[in-house]
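Asks: I need the structure of the sequence given here:
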Amino acid sequence: MLSVDLEHRFPGLHLSARFEAPPGVTALFGRSGSGKTTLVNAVAGLLQPDRGRIGLDGELLLDTAARLSLPPHRRRMGYVFQEGRLFPHLTVRQNLRYGGWFAPRGADGAEFDRIVTLLGIGSLLDRRPSHLSGGEKQRVALGRAILSRPRLLLMDEPLAALDEARKAEILPYLERLRDELRLPILYVSHSMAEIARLATTVVLLEAGRVTASGPVAEVLADPALAPGFGLREAGAILRARVAAQEEDGLTRLDCASGPVWLPHLAAPAGSEIRLRILAQDVMLALTRPEGISALNILPATVRELRAGEGGVMVQLAAGGEPILARITRRSAERLALAPGMPVFAVLKAVSVAPESIGGPEVVTP
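Replies: Got it, this is the predicted structure:
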């Protein structure tokens with residue numbers, strides 16, 4: 001468990017943040033200038049805040065009141081930046097071995113082979129960074145950080161400098177780190193798609209303040225927080241399990257609220273995945289629609305309505321899990337929506353982010 005409580009002033013920004021990061025991937029999300037990188041640098045020991053207290057698993061890393069501040073090398077953090085920052089004169093193997101110099105004494109040497117296999121970089125070991133793609137450099141940087149045997153992995157927008165193809169290449173490896181190594185990660189991002197796919201906990205920052213934090217499914221589905229994530233990115237996450245590969249090429253998923261069909265996913269039956277459903281891709285009906293092309297229609301109950309500049313954000317309960325729908329005020333009035341009212345959620349599009357190891361990439365039908 002990481003515990004953070006600090007304040008720091010910059011020209012134009014007063015950072016005052018307090019949150020806890022449980023095991024898993026904790027994502028810091030916010031617009032540029034909201035204080036995300038400053039927080040990570042303070043955790044790493046690269047920045048001394050004006051006031052602060054940071055603890056990890058019961059050990060104090062920083063307590064300005066007691067004049068305690070462990071230097072970065074004693075905090076044992078792995079840090080992955082936007083760029084790989086590999087040593088250009090060293091091979092991939094040598095860059096990775098460099099990380100091992102910072103591992104505790106007696107660390108298992110077999111870990112090197114495991115990490116190389118986990119990140120799929122075995123064929124790159126004799127190359128130099130100048131002969132690597134952006135995605136390959138980031139995988140090597142990840143490996144180097146992990147081989148230092150950190151207590152916590154810090155990642156400051158590690159995919160921001162990559163194009164969409166390279167992001168799609170590296171995301172499955174990040175999932176493997178989360179699921180196989182069980183290494184706690186503090187992950188900075190302004191990409192809601194990355195957070196929905198990777199995070200277990202999310203901390204929302206606005207102008208240096210923590211406006212919300214908690215389990216990712218709960219926070220993303222809170223209609224009051226939708227403006228902070230951006231109306232186009234607002235949505236919810238459902239858990240699903242691959243039930244069957246249908247003869248017509250569709251994959252049937254089982255959710256708590258009912259079945260959902262998607263174009264074929266290369267995932268075995270029983271695989272657990274996440275469904276990211278954008279609020280703008282959900283229509284509402286009072287009766288089950290007939291004679292329409294949409295396959296995915298889920299019974300739900302209205303939980304909450306919140307009006308704003310972008311219309312009305314409606315939180316639904318579908319099989320006990322939350323779904324968000326963004327509709328116009330006129331539609332909300334025509335349907336006379338109210339909490340407790342039964343409705344049907346028509347899903348126009350669903351993005352899929354895998355939770356299982358080696359699962360399918362994010363797709364949008």
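
Asks: alpha carbons only for contacts and neighbour counts from here, please
Replies: Fine.

Asks: how far away is residue 302 from residue 312?
Replies: For residue 302, the distance to residue 312 (Cα to Cα, to the nearest Å) stands at 12 Å.

Asks: same check on residue 274?
Replies: Using Cα to Cα, residue 274 is found at 25 Å from residue 312.

Asks: which of these two has more neighbours?
Replies: Relative neighbour count places residue 274 above the other of residue 274 and residue 312, with 23 against 20, counting by other Cα atoms under 10 Å.

Asks: my guess is residue 269 contacts residue 246. True?
Replies: No - look at residue 269 against residue 246 with Cα atoms under 8 Å: they stay out of range, at 11.3 Å.

Asks: per-domain residue ranges of this protein.
Replies: Using automatic domain parsing, the domain ranges for the chain come out as 2-220, 235-354.

Asks: residue 228: which of those domains is closest?
Replies: Minimum separation from residue 228 across the domains of the chain (Cα to Cα) falls at domain 2-220, 7.6 Å.

Asks: give me the mean pLDDT for the closest one.
Replies: For domain 2-220, mean pLDDT rounds to 87.

Asks: end-to-end on it?
Replies: End-to-end span of domain 2-220 (Cα to Cα): 21 Å.

Asks: repeat that for stretch 186-202.
Replies: Using Cα to Cα, the end-to-end distance of stretch 186-202 comes out at 10 Å.

Asks: so which bits of that stretch are buried?
Replies: Neighbour-count burial for stretch 186-202 flags 186-192, 194-202 (criterion: 16 or more other Cα atoms under 10 Å).

Asks: all helices of the stretch 201-350 of the chain, in order?
Replies: 216-220, 226-229, 329-335 (DSSP state H, counting those that start in this stretch).

Asks: among these, which is the most enclosed?
Replies: With neighbours defined as mean count of other Cα atoms under 10 Å, the helices of the stretch 201-350 of the chain peak in mean count at helix 216-220, which reaches a mean of 22.

Asks: outside of that one, which residues touch it?
Replies: 196, 199-202, 212-213, 225-226, 234-238, 322 (Cα atoms under 8 Å, 6 or more residues apart in numbering).

Asks: now do it: distance to the chain's middle.
Replies: 11 Å (Cα atoms, centre = their mean, to the nearest Å).

Asks: now the closest residue to residue 337 other than its chain neighbours: how far from residue 140?
Replies: Take residue 337 and drop its neighbours on the chain: the residue closest to it by Cα to Cα, 6 or more residues apart in numbering is residue 302, 7.5 Å away. Distance of residue 302 to residue 140, computed by Cα to Cα: 47 Å.

Asks: check residue 75 too.
Replies: Distance of residue 75 to residue 140, computed by Cα to Cα: 22 Å.

Asks: again with residue 289
Replies: Relative to residue 140, residue 289 is positioned 51 Å away (Cα to Cα).

Asks: compare neighbour counts for those two and give me the winner.
Replies: Remark: of residue 289 and residue 140, residue 140 carries more neighbours, 27 against 14, as counted by other Cα under 10 Å.

Asks: hmm, residue 120 and that one touching each other?
Replies: No - using Cα under 8 Å, residue 140 is not in contact with residue 120; the gap is 9.5 Å.

Asks: what does stretch 326-344 contact?
Replies: Residues contacting stretch 326-344 (Cα under 8 Å, 6+ apart): 279-288, 297-305, 307, 310-314.

Asks: oh sorry, the question was meant for stretch 46-66
Replies: For stretch 46-66, the external contacting residues (Cα under 8 Å, 6+ apart) are 1-9, 38, 41-43, 68-70, 72, 75.

Asks: restricted to buried residues, select the residues you listed in ChimeraX.
Replies: Burial among those is assessed by 16+ other Cα under 10 Å; the matching ChimeraX selection reads:
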select :2,3,4,5,6,7,8,38,41,42,43,69,72,75
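
Asks: show me the strands in the stretch 51-200 of the chain, by range?
Replies: Using DSSP state E, counting those that start in this stretch, the strands of the stretch 51-200 of the chain run over 51-56, 59-63, 68-69, 77-80, 152-156, 185-189.

Asks: give me the angle between the second one and strand 51-56.
Replies: Which is strand 59-63. Between strand 59-63 and strand 51-56, the angle comes out at 170 degrees (axes from the mean of the first three to the mean of the last three Cα atoms, to 10 degrees).
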